[in-house]
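[1] I would like to see how this sequence folds:
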Amino acid sequence: MSQANCKHILEHEDNVWKCCYNNSGTKLCSVTSSGLLYIWSVRVKTPSHSIVEAHASKCIQGLDVSRHLDVIATAATDQLVKIFNFDGRQLLEFKGHGNVIEHVAFSNTRLNWIASCSKDRTVKLWNVGDQLRRVNVRRDHRSRIPIKKNLFGVVEKYFPPPLRTLRGHNHWVFHCVFSPDDTLLASASSDQEVRLWDPREGDLLWVLTGHTGIVWSCSFLSRHAPIIDVVDSDSPTNDRALVINASYEPSEQDVALVTCSSDRRLRFWSLCTGQILSEVKDPTREFDGRGQLLTLAVNKDASYVAVGSFGGNVTVLETSNFVTLRAS
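    Have a look, this model is predicted:
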């Protein structure tokens, strides 16, 4: 990349695992393998930042910013989820996972929940909005961490319980994401499956099978652009979906799902049928063994999917080349 194309270089003291903007784009958060949370002010000539020792030298692997609460969520190998404001003050702490937490994701609506997934094979849901109200967070978001007395009268930190725990994966869960309207939650695992849940009821709706490697990431396409047709699909016949909850009745307005895997395939799934619509084999064109697909992102109108690989490349694909989308 030429120097002219680079606006800022934000230096860290250790490996950066994830980064995330706030809604206005004025702040950028980044987390490191040494347990530090960096909060950058980026819409200035010279970016400034604050550093928070968020997880006591433990690698932070999960990061997200709420769209409505103006708070930051982090999760780490210490098995904790923590909530901070943009001044770096810790507001909440959630405990309950039995192994490393791989990812955290806020809900998209004012439901104000957060989902966390872990190597303990579970996804947990937490009500951040309610817990912030319970600790009486003021307008400037200054608050103390909740405490309580135990049976012996000793004051100790209070960990709010999860709303529910979603169980069913047979191996580590690496990714979870809410649908745009929060009616669905998807989880991706090294058991080669993607599971779709009703987050409010905790019901398992679908199990999407067909990947032959770790499913590293998944994302919903816009609810207002449902897939209604397939273009040049070469779906293998052994891809299938197991319907778990027969009471679930998808409508034509349901979103679709895109997944990526260590099997080097990007796949588009219909949530009306649970079947694969189309797949892209080796989208990064790395045929030397480095083509594992590790992460993906969908833009706002679902017209593009960006997928990142083990080989160090990010490939941007037009979704219209593989599926037909109908606008709202």
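
[2] could you tell me the end-to-end distance of stretch 172-182?
    End-to-end distance for stretch 172-182, by Cα to Cα, to the nearest Å: 23 Å.

[3] renumber starting at 12 from here on
    Taking 12 as the first residue, the last one we looked at is stretch 183-193.

[4] off-centre distance for that stretch?
    5 Å (Cα atoms, centre = their mean, to the nearest Å).

[5] list the buried residues of it.
    183, 184, 185, 186, 187, 188, 189, 190, 191, 193 (16 or more other Cβ atoms under 10 Å). For the C-beta atoms, the positions are set from N, CA and C on the backbone; glycine is no exception.

[6] kindly report the same for stretch 200-212.
    Buried-residue list, stretch 200-212, by 16+ other Cβ under 10 Å: 200, 201, 202, 203, 204, 205, 206, 207, 208, 209, 210.

[7] from one end of that stretch to the other, what's the distance?
    21 Å.

[8] and the average pLDDT for it is what?
    The average of the pLDDT scores along stretch 200-212 is 97.

[9] ok, stretch 18-31 next?
    Per-region confidence: stretch 18-31 scores 86 on mean pLDDT.

[10] please point out which parts of it sit buried.
    Buried-residue list, stretch 18-31, by 16+ other Cβ under 10 Å: 23, 27, 29.

[11] the closest residue to residue 195 other than its chain neighbours: what secondary structure?
    Of all residues not flanking residue 195 in the chain, residue 207 sits nearest, at 5.7 Å (Cβ to Cβ, 6 or more residues apart in numbering). Three-state call for residue 207 (DSSP: H, G, I helix; E, B strand; the rest coil): strand.

[12] tell me which of the buried residues of stretch 18-31 is nearest to residue 142?
    residue 29 (22.9 Å; Cβ to Cβ).

[13] I'd like the buried residues of stretch 183-193 laid out as a markdown table, including secondary structure and pLDDT.
    Below are the buried residues of stretch 183-193 laid out as a markdown table (DSSP: H, G, I helix; E, B strand; the rest coil; pLDDT from 0 to 100):
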| residue | secondary structure | pLDDT |
| --- | --- | --- |
| 183 | coil | 98 |
| 184 | strand | 98 |
| 185 | strand | 98 |
| 186 | strand | 98 |
| 187 | strand | 98 |
| 188 | strand | 97 |
| 189 | strand | 96 |
| 190 | coil | 92 |
| 191 | coil | 89 |
| 193 | coil | 94 |
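
[14] please, which helix or strand holds residue 128?
    strand 124-129 (DSSP states H and E).

[15] quick check: next helix or strand after that strand?
    strand 133-138.

[16] contacting residues around that next one?
    For strand 133-138, the surrounding residues in contact (Cβ atoms under 8 Å, 6 or more residues apart in numbering) are 92, 105, 107-108, 123-129, 171, 173-178, 180, 184, 187, 196, 198, 208, 210, 213.

[17] just want the angle from it to strand 124-129.
    160 degrees (axes from the mean of the first three to the mean of the last three Cα atoms, to 10 degrees).

[18] mind listing what's buried in strand 133-138?
    By neighbour count on 16+ other Cβ under 10 Å, the buried set for strand 133-138 is 133, 134, 135, 136, 137, 138.

[19] distance between the next helix or strand after that strand and the chain's centre?
    Remark: after strand 133-138, the chain's next helix or strand is helix 139-145, criterion DSSP H and E. Here the centre of mass of C-alpha atoms in helix 139-145, compared against the chain's by Cα atoms, centre = their mean, lies 21 Å away.

[20] for helix 139-145, what does the pLDDT average out to?
    Across helix 139-145, the average pLDDT comes to 89.

[21] other SSEs contacting it?
    strand 101-106, strand 124-129 (3 or more Cβ pairs under 8 Å, 6 or more residues apart in numbering; DSSP states H and E).

[22] in a markdown table, list the buried residues of stretch 200-212 along with distance to residue 329.
    Compiled in a markdown table, these are given as follows (distance: Cβ to Cβ, whole Å):
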| residue | distance to residue 329 |
| --- | --- |
| 200 | 28 |
| 201 | 29 |
| 202 | 31 |
| 203 | 27 |
| 204 | 27 |
| 205 | 23 |
| 206 | 28 |
| 207 | 25 |
| 208 | 30 |
| 209 | 31 |
| 210 | 30 |
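
[23] for residue 46, state which of these is nearest.
    residue 201 (24.4 Å).

[24] wait, that closest one touches residue 226, no?
    Yes. If you go by Cβ atoms under 8 Å, residue 201 and residue 226 touch, sitting 7.5 Å apart.

[25] what do those two both touch?
    residue 185.

[26] before we move on, the earlier item: indicate which one of the helices and strands packed on helix 139-145 is closest to residue 317.
    So among those, strand 124-129 is nearest, using Cβ to Cβ, at 21.3 Å.

[27] so what's the residue nearest to residue 195 up against?
    195, 196, 197, 215, 216, 217, 218, 219, 268, 282.

[28] now do the strands in the stretch 162-311 of the chain.
    Assigned by DSSP state E, counting those that start in this stretch, the stretch 162-311 of the chain shows strands spanning 166-168, 175-178, 184-189, 196-200, 205-209, 214-220, 226-231, 238-241, 251-254, 268-272, 276-280, 287-292, 304-309.
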